[in-house]
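> Below is the sequence, then the predicted model.
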Amino acid sequence: MKPRYLLAMAVPVLLFVSVSSGEIIRLKNGTILQGRIAFESPEVVRIIDAATNKEVNLRRAEIANMVSEKVFDNVIDFGQLRNLKEEGWKKLEEKSKKAEEAKTAEAARPASFSEKFQPKIGLGAAYMMPTGDIGTVLDPAIGFGLVFDMRMPVFAMTSPWSLRTGLAVSYASFGSKMENFPADVTLLPILLNNEIGYATSSGLRPYFTLDLGITMASLKDKSDNTEKKDTSSMDLTVFAGAGVGYRHKSLPSLELFLDAGYMMVFEQTSGNFINVNFGAAFHFFSRTEDRL
């Protein structure tokens, strides 16, 4: 029941890794190339051509101008670039240089707590279905959950991979299927949430989660018996699942997620549950250009 990331039953997700073209290069013969730099030295620049995806070797002496594609606010118009005068290219180079200096200064700045750990809080609703023996006596339920986690600095901040750890708390109340024993079973899982995810350039973030903690369980006897059979327990709980989150670049602080998984409760209240969860999370730190 872990209405937090009860993962969307192994949602198969395509990992879109877009190839950034990186640079616009004008040769002295008038040819204009767009590509990602694979290697450069004082004599040679080697690029992966965006048009052919093949490697092109260029001598520095052949190059008239080289600017970052990030200086272009809109779609790059190559026809307009071919008609651009030398003065216009110099302005683009200056703009590109300033952007690179700003990027270097940003990288040298010590990361703040929110930037380094990127905390997030999420709220979800989940469909929880008891399975096995407990599934014969309890009806499915809709549960709710809250999760708070942070990025652990095991991967580089620029890496698309992330490891997040935090706390997930959820709640669900199940009704009894047995007419001769009407009762409500309430579960309150409190789990250490561990999640590894991969952020793609499309905004999708597939992830896997493995949680460990306890479940506070209680049974309330609703029969007319004079001797009630109310019980309560605190049980070891394991949850494993997978899912996918999505953040649109126009609203990078908000992540929608869908996941599903399997929760096992041991000891006094023993039972297994299939959980499917949907919700939204707020990221306290985000930038439009961030991948995570």
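Looks like it arrived, so ask away. Residues are numbered from 1 along each chain as shown.

> CA atoms for contacts and neighbours, from now on please.
OK.

> From residue 256, how far off is the residue lying closest to residue 68 once chain neighbours are set aside?
Closest residue to residue 68 apart from its sequence neighbours, by C-alpha to C-alpha, 6 or more residues apart in numbering: residue 23 at 4.5 Å. From residue 23 across to residue 256, the span is 33 Å (C-alpha to C-alpha, to the nearest Å).

> Likewise for residue 164?
Counting by C-alpha to C-alpha, the gap from residue 164 to residue 256 is 16 Å.

> which residues sit against stretch 45-52?
The contact list for stretch 45-52 (C-alpha atoms under 8 Å, 6 or more residues apart in numbering) reads 21, 33-40, 54-60.

> average model confidence for that stretch?
Mean per-residue pLDDT for stretch 45-52: 88.

> list the buried ones in it?
For stretch 45-52, burial by neighbour count (16 or more other C-alpha atoms under 10 Å) applies to 45, 46, 47, 48, 49, 50.

> I'd like to know the average pLDDT value across stretch 179-195.
Across stretch 179-195, pLDDT averages out at 89.

> heads up, I number from 3, so please use that
In the new numbering, first residue 3, that becomes stretch 181-197.

> now the longest strand seen in the chain: how far from the chain's centre is it?
Longest strand in the chain, counting residues (DSSP state E): strand 206-223. With C-alpha atoms, centre = their mean, to the nearest Å as the basis, strand 206-223 stands 19 Å off its chain's centre.

> for it, packing partners?
strand 185-200, strand 233-248 (3 or more C-alpha pairs under 8 Å, 6 or more residues apart in numbering; DSSP states H and E).

> Give me the neighbour count for residue 90.
Look at residue 90: counted by other C-alpha atoms under 10 Å, it has 12 neighbours.

> Also residue 117?
Neighbour count of residue 117, defined by other C-alpha under 10 Å: 15.

> now do the same end-to-end measure for stretch 30-47.
Distance across stretch 30-47, first residue to last, is 14 Å (C-alpha to C-alpha).

> re earlier: which one among the contacts of stretch 47-54 gets closest to residue 221?
residue 23 (60.3 Å; C-alpha to C-alpha).

> which ones are touching the spatially closest residue to residue 138 that is not a sequence neighbour?
Nearest residue to residue 138, sequence neighbours excluded (C-alpha to C-alpha, 6+ apart): residue 179, at 7.3 Å. Contact analysis of residue 179 by C-alpha under 8 Å, 6+ apart lists 138, 139, 140, 141.

> Please check those and keep the buried ones.
Among the contacts of residue 179, those classed as buried by 16+ other C-alpha under 10 Å are 139, 140, 141.

> in the chain, which helix or strand is least confident?
Each helix and strand of the chain was given a mean pLDDT (mean pLDDT, DSSP states H and E); the minimum falls on helix 88-110 at a mean of 78.

> neighbours around the nearest residue to residue 183 once chain neighbours are set aside, how many?
Distances taken as C-alpha to C-alpha, 6+ apart place residue 225 nearest to residue 183, at 6.2 Å, with adjacent residues excluded. Per other C-alpha under 10 Å, the neighbour tally for residue 225 reads 14.

> need the helices for the stretch 3-152 of the chain, in chain order.
With DSSP state H, counting those that start in this stretch as the criterion, the stretch 3-152 of the chain has helices at 80-84, 88-110, 115-119.

> The second one packs against which elements?
I take that to be helix 88-110. In terms of contacts (3+ C-alpha pairs under 8 Å, 6+ apart), helix 88-110 is packed against strand 65-70.

> The strand it packs on to helix 88-110, inter-axis angle?
Going by axes from the mean of the first three to the mean of the last three C-alpha atoms, to 10 degrees, strand 65-70 is angled at 40 degrees with respect to helix 88-110.

> What are the contacting residues of strand 65-70?
Contact with strand 65-70 is made by 24, 25, 26, 27, 28, 29, 30, 91, 92, 94, 95, 98, as judged by C-alpha under 8 Å, 6+ apart.

> Any chance of JSON lines for those, columns neighbour count and distance to residue 251?
As requested, the contacts of strand 65-70 are exported to JSON lines (neighbours: other C-alpha atoms under 10 Å; distance: C-alpha to C-alpha, whole Å):
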{"residue": "24", "neighbour count": "17", "distance to residue 251": "19"}
{"residue": "25", "neighbour count": "21", "distance to residue 251": "22"}
{"residue": "26", "neighbour count": "20", "distance to residue 251": "24"}
{"residue": "27", "neighbour count": "20", "distance to residue 251": "28"}
{"residue": "28", "neighbour count": "20", "distance to residue 251": "31"}
{"residue": "29", "neighbour count": "17", "distance to residue 251": "34"}
{"residue": "30", "neighbour count": "12", "distance to residue 251": "37"}
{"residue": "91", "neighbour count": "17", "distance to residue 251": "30"}
{"residue": "92", "neighbour count": "14", "distance to residue 251": "31"}
{"residue": "94", "neighbour count": "19", "distance to residue 251": "25"}
{"residue": "95", "neighbour count": "17", "distance to residue 251": "27"}
{"residue": "98", "neighbour count": "20", "distance to residue 251": "23"}
